[in-house]
Each structure stands twice: as C-alpha cells, then as structure tokens.
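> quick one, what's the 3D model for this:
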Amino acid sequence: MRKIRVVGIGAGNPEHITVQAINALNSADVLFLPRKGEDKAELADLRREIIARYLTDPRSRTVEFDLPVRDAGHPSYTGGVGDWYRETAALYAELFAGRLGEAGVGALLVWGDPSLYDGTLRILELVRAAGLAFDIEVIPGISSLHALTAAHATTLNRVAEPVTVTTGRRLSERPPEGDVVVMVDGRLAFRSVDGEAYDIFWGAYLGTGDEILISGRLADVAARIETVRAEARARHGWIMDIYLLRRRTGSAVDGET
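Here you go, the predicted structure:
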C-alpha cells in the first residue's frame, strides 16, 4: 500500500529540520513540492534549499505542482476553505495515483508542525475518503509558535497559567481572557485588544534571513508593528507572522512584567 509522510520542516530556517525528518525524506520515493505562485516563490525556494541540503538518496524524485488558490472572496470563510480542501484533495489524488507506485512512499513538506493550523492532514483524509488507499505517517516539526518564543527568549506559558491558541478572526470576535497566541491574522486583530493591559511578542518570517521581531507594551508598539508589517508585506508580496499577547500583572515571577 502507498504511504504518505507529512513532514514538518520548521518555521523557515533550514536548520530547524530534525534528524527524523531528514531520514523520512531520504527514505521516500517521491517528494511532492507545492508552488503557490510568483508572490510566494520564496516558500518553494526554501523547500528546494532543504531538499538540496539534506537529500542524499539519488533514487528520490521531486515532483513540483501548483496548488489551487483559495477564493478569498467567498461569502463564508469556512465554506471557502472547504472548497479549497476539496480541490486540493482532487489534485493530490491525481498526483499520488499518477506519480507514486502502489507500494511507493511519498513525502509532503509542511511548514512548522503538521498538527498546528495546517490543513494537510484534513485534505489527505478527503483523498482517502474518495477511494485512494494509503497510510499516513506524520513527522513533527518546530512550529512557528515555538520559533516565536525562542526568538524572543521567553516562555510560552506562565506558572500554572493556560495559553489559548487562536486566530485573528476569533480574537476580533471575542476579547482575550488571558494569555493568547494569535496565528493567521490578516486583520491585525490586536488593535481590538486593550493595549495597556497586554504585552505583545510579535514576529514575522521567523527563522529566515528576513526575520522581524518587535515586543513591548501593546499600546506602545502596536502602530510600529502595523507599519513594519505593511512595509514587509509590500516588499515580499506575502507575510507569515504570529504573536503572543501576555496580560500585564505587575509581577516579576516567571517573566511577567
């Protein structure tokens, strides 16, 4: 039976990749490399750099393909994502059936960790539900969340305190009740948060040579983040960013301020 490995490759630094991930890539017959258009060509180039640096098995082949584009104008966000999942699943089914033998091993290189705000595993389940049989193996990777806290030399959680991981869409709908990590925020939802009550640890292009880090009291740095983010997005044509909002308590315990 075919096997598809979903390999977490880290947040952008080629040195984030684990020994387990390197071994998984080198024992795969086909590495499937997605392209997301000219605006995000750097992402494909980073995957190519990882393959060039770590792939030593001459029998492994790389198959590049163009991912479908999600309809950002869809009236329902979840509906638009669902349509994109199904379209991508149909493409995967075609690639696996046409490029991978019935006993072959394929690998998909996924940014960060496959379990955290990534749709690959859900898409693969759609492929299997449509009738193509294969096993799935997941290789964990360093997520952008952990790359963020490492870059700022801070902890994710405080002593005996929870942390919520959410999206900008959800944050704008409901104010945070405590510390929160925000991913997939195209609407700058931190502007809806009480800037005097929170510190922010923000990062973009984590792990890459273009990495940008800003931290401080939200009220003091929010405008700077907005400006820097807009400039970076205009310069690159895309942006990947994430931030941690930490409620200010006045305590010096465990990194609190």
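> from here on, just use CA atoms for contacts and neighbour counts.
OK.
> avg pLDDT for the helix or strand where residue 91 lies?
If you go by DSSP states H and E, residue 91 is part of helix 77-99. When pLDDT is averaged along helix 77-99, the result is 94.
> okay, the angle between whichever helix or strand comes after that helix and helix 77-99?
Proceeding N to C from helix 77-99, the next assigned helix or strand is strand 105-110, under DSSP H and E. Interaxial angle, strand 105-110 versus helix 77-99 (axes from the mean of the first three to the mean of the last three CA atoms, to 10 degrees): 150 degrees.
> counting contacts, what elements does strand 105-110 pack onto?
strand 2-8, strand 30-35 (3 or more CA pairs under 8 Å, 6 or more residues apart in numbering; DSSP states H and E).
> in the lowest-mean-pLDDT helix or strand in the chain, what counts as buried?
The helix or strand of the chain with the poorest confidence is helix 41-54; it has a mean of 90 (mean pLDDT, DSSP states H and E). Within helix 41-54, the residues that count as buried by 16 or more other CA atoms under 10 Å are 42-44, 47, 50-51, 54.
> before we move on, the earlier item: highest average neighbour count across the helices and strands packed on strand 105-110?
A comparison of the helices and strands packed on strand 105-110 by mean neighbour count, using mean count of other CA atoms under 10 Å, puts strand 2-8 on top with a mean of 22.
> walk me through which strands that one pairs with, and which way each runs.
Taking DSSP bridges as the criterion, strand 2-8 forms sheet pairs with strand 105-110 (parallel), strand 134-139 (parallel).
> show me the strands in the stretch 101-250 of the chain, by range?
Using DSSP state E, counting those that start in this stretch, the strands of the stretch 101-250 of the chain run over 105-110, 134-139, 164-167, 180-183, 198-204, 212-217, 241-247.
> pull out the buried residues from the third one.
Neighbour-count burial for strand 164-167 flags 166-167 (criterion: 16+ other CA under 10 Å).
> one step back: identify each buried residue in the helix holding residue 91, please.
81, 84-93, 96, 99.
> helices or strands up against that helix?
helix 120-129.
> buried ones in the helix it packs on?
Across helix 120-129, burial judged by 16+ other CA under 10 Å covers 120, 123-124, 126-127.
> closest to residue 210 among the residues you listed?
Nearest to residue 210 out of the buried residues of helix 120-129 is residue 120 (CA to CA; 25.8 Å).
> show me what contacts that closest one?
Contacts for residue 120 (CA atoms under 8 Å, 6 or more residues apart in numbering) come out as 6, 110, 114.
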